[in-house]
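Engineer: The following block contains a protein sequence and its predicted model.
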Amino acid sequence: MTNRGILYALAFSFLLFSCESEVTTKEPQVEITTEVDSTEFFENAIIANSKTPAPYIDRAGWHLRNGRIKEGLNDLDMALDADSTYGPAWSAKSDVLYLIKEYEACIEHLDVCLDYAPDHIPCKLRRAEMYTHLDQFEKAFELLNDVLRIDEHVHEAYWMKGQIFSEMGDVENALSSFHTAVEVNPDFFDGYIKLGIVNAALGNEIAEDFYKAAISIRPNSVEAKYNLAIYYQENSNLDGALGLYEEILALDSSNASAAFNSGYIYLEYKQDYKMGEHWFTEAIIRLPYYHQAFYNRGLCRESMDNLEGALSDYDEALKLNPTFDSAAIAKGRVLNSL
């Protein structure tokens, strides 16, 4: 995960923990807005409630949203100093430790969280996730079922069960779990994405509807558009795929995969080698070490009798990946033609 990705995830996590602490602990929470997002605001909140953990957690979230991970962790420690039994603080700290890949410390904090707050749902969900990473699926299921006994409307629990069933190869139960997740929360983006992926793998046309549902929730989602574009490409809706790849590049101009896939459609399916050359060049501009793009651009150039250009591309592909047999064979073919 990139640093930016970590910061986004941390900010999202703290929104969840703030909401959860309001529901489960009855502690007074400070509602943070852009206008009051400042050092003075948080310091005043702490002065007013210095013996409670909530304002420290709020300031931790502010630090983490702004990339100050060390300061955020310090505030979470201060929250625990204020109340060492406060489950949301243990849960929040474990989430940060998870996102910065300190997994052993994350597990330790989750276990403490569950000692102090056995029914704290975010801790149970994260602990179940850790069991999943360790392939301890039965323990993960046990925790997720505990979550659903506490609150049967926790859509994340159904989604996680679906993920585990997928790992186990149990497609029927995976689909059932993902369906329940979106039934519980009709705006659950990740649920629709997984339903699209699983159904696409099964060759079910309903995959398109699930991807479109995800796009309706997040109209500018590159992930949802890319999955739908791949589905279209694999099911011969080539113009639909090309249109989505253009939308993706408008949203993310650095997306080399969208440019490459556009080139592949023109090369493999439309035999429009000029357009193929253009899009593979666009992919190379975005990812200069993209050896497959050099190879495919070489195929386009070879098909247009630009043998010198093709040879240069095959050489570059081999320079980037010396074991690329297809490029070596293509290079030999061109040399024999010169």
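Structural biologist: The structure has been received and is ready for your questions.

Engineer: From here on, just use CA atoms for contacts and neighbour counts.
Structural biologist: Will do.

Engineer: Low-confidence bits of the chain, can you list those?
Structural biologist: Low-confidence segments of the chain, defined by pLDDT under 70, are located at 1-37.

Engineer: Identify the residues contacting the helix or strand hosting residue 215?
Structural biologist: Secondary structure here is read from DSSP states H and E; on that basis residue 215 sits in helix 206-217. Helix 206-217 is contacted from outside by 187, 189-190, 192-193, 195-200, 221, 224-225, 227-228, 231, using C-alpha atoms under 8 Å, 6 or more residues apart in numbering.

Engineer: Tabulate the CA atom coordinates of it in PDB.
Structural biologist: These are the backbone C-alpha positions of helix 206-217, laid out as PDB (Å, rounded to 0.1, in the frame of the first residue of the first chain):
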ATOM      1  CA  ILE A 206     -25.400 -10.700 -14.300                       C
ATOM      2  CA  ALA A 207     -21.800  -9.700 -13.500                       C
ATOM      3  CA  GLU A 208     -22.400  -6.600 -15.700                       C
ATOM      4  CA  ASP A 209     -25.300  -5.500 -13.600                       C
ATOM      5  CA  PHE A 210     -23.300  -5.800 -10.400                       C
ATOM      6  CA  TYR A 211     -20.400  -3.700 -11.800                       C
ATOM      7  CA  LYS A 212     -22.900  -1.100 -13.000                       C
ATOM      8  CA  ALA A 213     -24.400  -1.100  -9.500                       C
ATOM      9  CA  ALA A 214     -20.900  -0.400  -8.100                       C
ATOM     10  CA  ILE A 215     -20.400   2.500 -10.600                       C
ATOM     11  CA  SER A 216     -23.800   4.000  -9.600                       C
ATOM     12  CA  ILE A 217     -22.500   4.200  -6.000                       C
END
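
Engineer: thinking again about what came up before, now, which of the contacts of helix 206-217 lie within strands?
Structural biologist: Taking DSSP state E, every one of those sits outside strands.

Engineer: In the stretch 1-150 of the chain, mark out all the helices, start to finish.
Structural biologist: Here the stretch 1-150 of the chain has its helices, by DSSP state H, counting those that start in this stretch, at 3-25, 39-48, 54-65, 69-82, 87-99, 103-116, 121-133, 137-150.

Engineer: The second one: which residues count as buried?
Structural biologist: Neighbour-count burial for helix 39-48 flags 42, 45-46 (criterion: 16 or more other C-alpha atoms under 10 Å).

Engineer: now that helix against helix 54-65, angle please.
Structural biologist: For helix 39-48 against helix 54-65, the angle between stretch directions is 160 degrees (axes from the mean of the first three to the mean of the last three C-alpha atoms, to 10 degrees).

Engineer: and if you look at the last one?
Structural biologist: Between the axis of helix 137-150 and that of helix 54-65 there is an angle of 130 degrees, by the same axes, to 10 degrees.

Engineer: Helix 137-150 - contacts with which helices or strands?
Structural biologist: Applying 3 or more C-alpha pairs under 8 Å, 6 or more residues apart in numbering; DSSP states H and E, one finds that helix 137-150 makes contact with helix 121-133, helix 155-168.

Engineer: follow-up on the earlier one: how far away from the center of its chain is the helix holding residue 215?
Structural biologist: Counting by C-alpha atoms, centre = their mean, to the nearest Å, helix 206-217 is centred 17 Å from the centre of its parent chain.

Engineer: for it, which positions count as buried?
Structural biologist: For helix 206-217, burial by neighbour count (16+ other C-alpha under 10 Å) applies to 207-208, 210-215.

Engineer: same deal with stretch 66-80?
Structural biologist: Buried residues in stretch 66-80, defined by neighbour count with 16+ other C-alpha under 10 Å: 67, 69, 71-80.

Engineer: again with stretch 222-231
Structural biologist: With burial defined by 16+ other C-alpha under 10 Å, the residues of stretch 222-231 counted as buried are 222, 224-231.

Engineer: In helices, which of these appear?
Structural biologist: Among the buried residues of stretch 222-231, the residues falling in helices (DSSP state H) are 222, 224-231.

Engineer: got TSV for these, with distance to residue 292 too?
Structural biologist: Supplementary listing: these in TSV, determined by distance: C-alpha to C-alpha, whole Å:
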residue	distance to residue 292
222	22
224	24
225	23
226	19
227	21
228	23
229	20
230	18
231	21
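
Engineer: can you tell me which of the residues you listed lies nearest to residue 128?
Structural biologist: For residue 128, the closest of these turns out to be residue 224, at 26.2 Å, with distances computed as C-alpha to C-alpha.

Engineer: Now do the closest one against residue 330, distance only.
Structural biologist: Note on residue 224: its distance to residue 330, by C-alpha to C-alpha, to the nearest Å, is 35 Å.

Engineer: And for residue 314?
Structural biologist: When C-alpha to C-alpha is the yardstick, residue 314 and residue 330 sit 7 Å from each other.

Engineer: who has more neighbours, these two?
Structural biologist: residue 314 (30 against 19; other C-alpha atoms under 10 Å).

Engineer: ok, that one to residue 284 distance?
Structural biologist: In this structure, residue 314 lies at 13 Å from residue 284, with C-alpha to C-alpha as the measure.
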